[in-house]
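Undergrad: what's the 3D shape of this:
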Amino acid sequence: MSVGELKSEKEFLIELALHQFNLQYNKNIKAEVCAIRSIKPGYGAKYGYEIDTIRTDDYVRLRMYFNLEGINKLKPYRLEVDKNFVPGQLDDEVYVTIGTVNPYYLDAGIYKFRWINEDLSRYKFLMYMNGNVVETQNSGYLKLVNQGV
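TA: Residues are numbered from 1 along each chain as shown. Model (predicted):
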């Protein structure tokens, strides 16, 4: 990245989430090994994003909810449990933070904070013989477990 070149919106959001997480848990997760997607906002926030690591050997899920006001400030992460739809299986752990992002980014036209779809190209999926991806009832996809990422 050259001097004066802005980060993409995805990079900005991933780095914002990772900064607080790495600081709080003394980790060094890099933005390059993460993916981001929009999620339904919660906790009174207008925006919601989920960031996860691509590698399966250190899989971490972060959820960030924020409103555009004040300065960039995220509260400490707390560990929550995400319900699993499979009977008899353990629920998934997810780290959650809430906070604010400076509205300057939107006002100045730097970032739009539009909906970000999940990047499906990073996964291998269970597919039908006709080449279509198998989709679940809750609009998810059946991903193969060992992807060697």
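
Undergrad: all contacts plus neighbour counts: C-alpha atoms, from now on.
TA: Noted.

Undergrad: contacting residues around whatever helix or strand Arg37 lives in?
TA: In the assignment (DSSP states H and E), Arg37 maps to strand 34-38. The list of residues contacting strand 34-38 from outside it, by Cα atoms under 8 Å, 6 or more residues apart in numbering, reads 10, 14, 47-54, 115-119.

Undergrad: State the pLDDT value of Ile113.
TA: Let me fix one detail, which is that residue 113 is Phe and not Ile. pLDDT for Phe113: 96.

Undergrad: pretty sure it contacts Phe12?
TA: No: Phe113 is beyond contact range of Phe12, at 10.7 Å (criterion: Cα atoms under 8 Å).

Undergrad: the longest helix in this structure is where?
TA: Counting by DSSP state H, the longest helix found in the chain is helix 9-25.

Undergrad: can you give me how far the worst-scoring helix or strand of the chain on mean pLDDT is from the chain middle?
TA: Sorting the helices and strands of the chain by mean pLDDT, DSSP states H and E puts strand 78-82 at the bottom, at a mean of 90. Distance, stretch centre to chain centre, for strand 78-82: 14 Å (Cα atoms, centre = their mean, to the nearest Å).

Undergrad: same question, stretch 98-112
TA: For stretch 98-112, the distance to the chain centre is 18 Å (Cα atoms, centre = their mean).

Undergrad: same check, this time on stretch 16-31
TA: Between the centre of stretch 16-31 and the centre of its chain there are 13 Å (Cα atoms, centre = their mean).

Undergrad: Okay, buried residues for it please.
TA: Using 16 or more other Cα atoms under 10 Å as the test for burial, stretch 16-31 gives 16-21, 29, 31.

Undergrad: which one of those residues is nearest Val101?
TA: Val101 lies nearest to Leu16 out of the buried residues of stretch 16-31, by Cα to Cα, at 9.3 Å.
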